[in-house]
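Participant: fold the following.
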Amino acid sequence: MSIISHITFVLCFFLLSDVRGPVVSWSLADTSGFKGKKRGTPFAAQMATTNAIRTVVDQGMQRAEVMIKGFGLGRDTTLRAICFLI
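Facilitator: A predicted model of the protein is given here:
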């Protein structure tokens, strides 16, 4: 599995893809219920990460390659959530 997380001050976009490239699971801070300025918070990044990873872990994912892009506040929180869930 390949995990790509795009984090900015405004939005957190989290994407899980297969080794071959097709998207397996994705999540935005918007889909986790955050609106406005709250979308760029570390907590929103953690919730988006948790929502996307839970579906794939239930299907049997054990290992992942992580790439975090962006300059937002949620980078550390996203990495901690990934380590905790996998």
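Participant: what does the longest helix anywhere in the chain rub up against?
Facilitator: Longest helix in the chain, counting residues (DSSP state H): helix 42-58. For helix 42-58, the surrounding residues in contact (C-beta atoms under 8 Å, 6 or more residues apart in numbering) are 1, 3, 5, 7, 12-16, 24-29, 31-34, 38, 61, 72-78, 80-82, 85-86. The way it works is simple: take the backbone N, C-alpha and C, and place the C-beta from them, glycine included.
Participant: what mean pLDDT does stretch 38-53 get?
Facilitator: Taken as a whole, stretch 38-53 has a mean pLDDT of 83.
Participant: just use 23 as the starting number from now, easier for me
Facilitator: Taking 23 as the first residue, the last one we looked at is stretch 60-75.
Participant: toward the C-terminus, what is the element adjacent to the helix or strand encompassing residue 36?
Facilitator: Per DSSP states H and E: residue 36 is located in strand 34-39. Per DSSP H and E, the first helix or strand lying C-terminal to strand 34-39 is strand 45-50.
Participant: does anything pack onto that following strand? Which helices or strands?
Facilitator: Helices and strands touching strand 45-50, by 3 or more C-beta pairs under 8 Å, 6 or more residues apart in numbering; DSSP states H and E, are strand 34-39, helix 64-80.
Participant: that strand pairs with which strands, and in what direction?
Facilitator: Paired neighbours of strand 45-50 in the sheet (DSSP bridges): strand 34-39 (antiparallel).
Participant: restricting to C-alpha, output the partner strand in CSV.
Facilitator: Only the C-alpha atoms of strand 34-39 are listed here, as CSV (Å, rounded to 0.1, in the frame of the first residue of the first chain):
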residue,chain,number,x,y,z
CYS,A,34,-6.2,18.0,4.6
PHE,A,35,-6.5,15.4,1.8
PHE,A,36,-5.6,11.8,2.5
LEU,A,37,-5.3,9.1,-0.2
LEU,A,38,-4.5,5.4,0.0
SER,A,39,-3.5,3.7,-3.2
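Participant: understood, closing this out.
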